[in-house]
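J.: only geometry, no sequence info:
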């Protein structure tokens, strides 16, 4: 960034605060933007599919295999950092809530199966998302990642 350590701490407080601000920015530019685009413009089931398709494409084009900052943060978070854990938990809750809203709307319009609760399907979708992002770090293979998305999306139809 071209600034001295003292200036960095004056601007952000400490390394943990800087990290959380970077994570917040990443989430706003990545997840929040995606939710706004898909939730406002697409039918419920299509929004879920588009969400996963974009995640797969981002994972496949991540040349440096940096992965998702949120998932990396969750996997690498120090156990003694409750503030970071709370921030990560909040974003994961927001992702789950997006899925839950889309599932409930899809169940209401008949495009998503009603044999499972929106809460359970949202948890399944969240688990698939996290799994895709983790696997993409070591095996960024189209067949693998799409092989997770396809069956999960099919479960919404049965």
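T.: On my side now, so go ahead. Here the structure is a predicted model, which means the values were calculated and not measured.
J.: helix, strand or coil for the closest residue to residue 53 other than its chain neighbours?
T.: Leaving out its chain neighbours, the residue that sits closest to residue 53 by C-beta to C-beta, 6 or more residues apart in numbering is residue 149, at 7.3 Å. C-beta coordinates here come from the backbone N, C-alpha and C atoms, glycine included. Following DSSP: H, G, I helix; E, B strand; the rest coil, the label given to residue 149 is helix.
J.: helices along the chain, start to end?
T.: Here the chain has its helices, by DSSP state H, at 5-12, 15-27, 33-41, 44-60, 69-76, 82-109, 118-138, 142-155.
J.: with mean pLDDT and mean neighbour count added, can I get those in a markdown table?
T.: Listed next are the helices of the chain as a markdown table, based on pLDDT from 0 to 100; neighbours: other C-beta atoms under 10 Å:
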| stretch | mean pLDDT | mean neighbour count |
| --- | --- | --- |
| helix 5-12 | 63 | 12 |
| helix 15-27 | 77 | 15 |
| helix 33-41 | 89 | 14 |
| helix 44-60 | 96 | 18 |
| helix 69-76 | 80 | 16 |
| helix 82-109 | 92 | 17 |
| helix 118-138 | 96 | 18 |
| helix 142-155 | 97 | 14 |
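J.: where does residue 32 land on pLDDT?
T.: At residue 32, the pLDDT value in this model is 81.
J.: who's in contact with the nearest residue to residue 134 once chain neighbours are set aside?
T.: Spatial nearest neighbour of residue 134, excluding adjacent residues (C-beta to C-beta, 6+ apart): residue 71 at 6.2 Å. Residues near residue 71 by C-beta atoms under 8 Å, 6 or more residues apart in numbering: 130, 133-134.
J.: what's the spacing between residue 71 and residue 26?
T.: 11 Å (C-beta to C-beta, to the nearest Å).
J.: can you check residue 61 too?
T.: For residue 61, the distance to residue 26 - C-beta to C-beta - is 17 Å.
J.: for residue 124, same thing?
T.: Applying C-beta to C-beta, the value for residue 124 to residue 26 is 25 Å.
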